[in-house]
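> have a look; sequence and predicted model below, questions after that.
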Amino acid sequence: MGKLSIDLLQSGMVLQDEVRGMKGKRLFPAGVELDEQKITILKAWGVVEADIIGGTRVSSRRAQQEKESVADEAQLLAKRYVTQAFRGQEAGSSFMRQFRVQCVKRTTKAIRSHKFSVMSSETMRQLHSRALQSTLRPGEITPHDVVEKQLELVSFPDIYYEIVRELDFPFTTSRRLAAIVSKDTGLAARILKLVNSPFYGFPSRIESIERALTILGSNELTTLTLGLSVVHIFSGVPDTVFNVQDFWEYAISCGILSRLLGAHCTEIMEERLFVGGLLQPVGMLLMISYDPASMCKAVLLSRTKGVSMPAAERAVFGFNHAEVGAALLESWNIPSTLTNIVRHCYTPLSSPLPTDSSIVHLATVMATGLRRKDFCTYYLPDFFPATLDETKISPSALVPILTQYDKQFADTHEILTDGM
């Protein structure tokens, strides 16, 4: 049979040669019969193909059943949904083709377990009714107009600025910084939960903020504090266009994937990528609060014209939510390194930090493909293949990244949305 892609391996197949994972780790010797657990291990260790003996030990009855079986309704629905969402953007990209395969598998599983939902016709009718109330013309307002009005509703917590001022003090210590963070007991608890979760995977438990500072570093913890604070600032946004819980599931996915993708690059602060990915969609919440009717119009335009949500927003407002998010961060005097990541997540190669923005761009594309609920971002953002050249992320990294994402998402989501 020869070498097969990891996605074509099946239980019952037999290895022709031994298989090694990352850093040459020997996983299985020649002659081993594969099962679902062994295939999962191969994927987790970044194996992209295996040499398979011509025959397998699968019983003839089972082989016949597999040959005669056809894709069930869930798989057909998943393929149709994913195909529409990708809009053919996987063509010419091995990374995106492999990602599409993973999306079909995951969507099929979610449909079968009744954990996947699409926008109902009733919701579509409600969107259409509200969209008719929109009177906005493209170019009438700017991202800063949206932010200026919404700043009355969202005030940034003083604790972040206290930390920044303390970092400017030449004789600051971890103890002094820890004392500032500990003033906000809810924030301190979330930070400790996060550093003790699979998100970091530290071997021993971290009991104090001061210890967390020592391990992570003051700049990293400051960035993390920013991200955790912003999530709770927007906890009271009403469900006017889509369910806010579904929104945060998507945003947190962007953050986790940004950090995991960044781990495959060198000399990049992973916390900055996490927070950049987490915050890149926040502008949507401001736009919804500012003009819900026009956001409904943008959602419908995306659905009817088959374009991404950022493109639909630009057609209705004259700008997209990434630009609004960047304007918000600027108004809070957040460092330009983070602001530019958010602003350029849909134009990564124009960013002053093209590698960082390219990573968050890839994470945004992946988070859209992985979501289980169709809250409004139906189509994947416009994908730029050059971002893979910029980040040097190989298709072989995809499955290990998704494996780690699965381990981290549930706990991270619970910690960040606790109390919302």
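Looks like it came in fine. Numbering: from 1, shown residues only.
> who's in contact with residue 363?
Neighbouring residues of residue 363 by Cβ atoms under 8 Å, 6 or more residues apart in numbering: 253, 254, 255, 257, 258, 261, 273, 277. Where C-beta positions appear, they are placed from N, C-alpha and C, glycine not excepted.
> kindly recompute the last result at 6 Å.
Residue 363 makes contact with 254, 257, 258, 261, 277 under the criterion Cβ atoms under 6 Å, 6 or more residues apart in numbering.
> the last one: neighbouring residues, count only.
Residue 277 is surrounded by 32 other residues when neighbours are defined as other Cβ atoms under 10 Å.
> distance check, the nearest residue to it once chain neighbours are set aside against residue 181.
Spatial nearest neighbour of residue 277, excluding adjacent residues (Cβ to Cβ, 6 or more residues apart in numbering): residue 258 at 3.1 Å. Distance, residue 258 to residue 181, by Cβ to Cβ, to the nearest Å: 23 Å.
> of those two, which one has the most company?
With neighbours defined as other Cβ under 10 Å, residue 258 and residue 181 compare such that residue 258 has more, 31 against 25.
> picking that back up, and of the contacts of residue 363, the nearest to residue 74?
For the contacts of residue 363, the minimum distance to residue 74 (Cβ to Cβ) is 24.8 Å, reached by residue 257.
> quick one: pLDDT of residue 21?
With respect to pLDDT, residue 21 scores 68.
> hmm, I was thinking of residue 104
We have a pLDDT of 94 for residue 104.
> next, count neighbours for it.
Residues near residue 104, counting by other Cβ under 10 Å, number 20.
> what packs against the helix or strand containing it?
Using DSSP states H and E, the element containing residue 104 is helix 94-112. With contacts taken as 3 or more Cβ pairs under 6 Å, 6 or more residues apart in numbering; DSSP states H and E, helix 94-112 sits against helix 73-86.
> okay, the angle between the helix it packs on and helix 94-112?
Taking axes from the mean of the first three to the mean of the last three Cα atoms, to 10 degrees, one finds that helix 73-86 is oriented at 140 degrees with respect to helix 94-112.
> what mean pLDDT would you report for helix 73-86?
Averaging pLDDT along helix 73-86 yields 89.
> tell me the buried residues in that helix?
74, 75, 77, 78, 79, 81, 82, 85, 86 (16 or more other Cβ atoms under 10 Å).
> where does this protein dip in pLDDT?
For the chain, the stretches with pLDDT under 70 are 1, 21-25, 37, 44-46, 54-71, 152-155, 235-241, 266, 374-376, 419-420.
> which parts of it belong to which domain?
2-68, 121-154+234-416 (automatic domain parsing).
> just send these back as TSV, with distance to residue 93 too.
Below are these laid out as TSV (distance: least, Cβ to Cβ, whole Å):
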stretch	distance to residue 93
domain 2-68	15
domain 121-154+234-416	5
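> so which of those domains comes closest to residue 223?
Short answer: domain 121-154+234-416, nearest of those by Cβ to Cβ, at 4.5 Å.
> that closest one: how far from the chain's middle?
Relative to its chain's centre, domain 121-154+234-416 lies at 9 Å (Cα atoms, centre = their mean, to the nearest Å).
> buried ones in stretch 327-336?
327, 328, 329, 330, 332, 334.
> from the opening residue of stretch 191-208 to its closing one, how far?
Chord length of stretch 191-208, first to last residue, is 10 Å (Cα to Cα, to the nearest Å).
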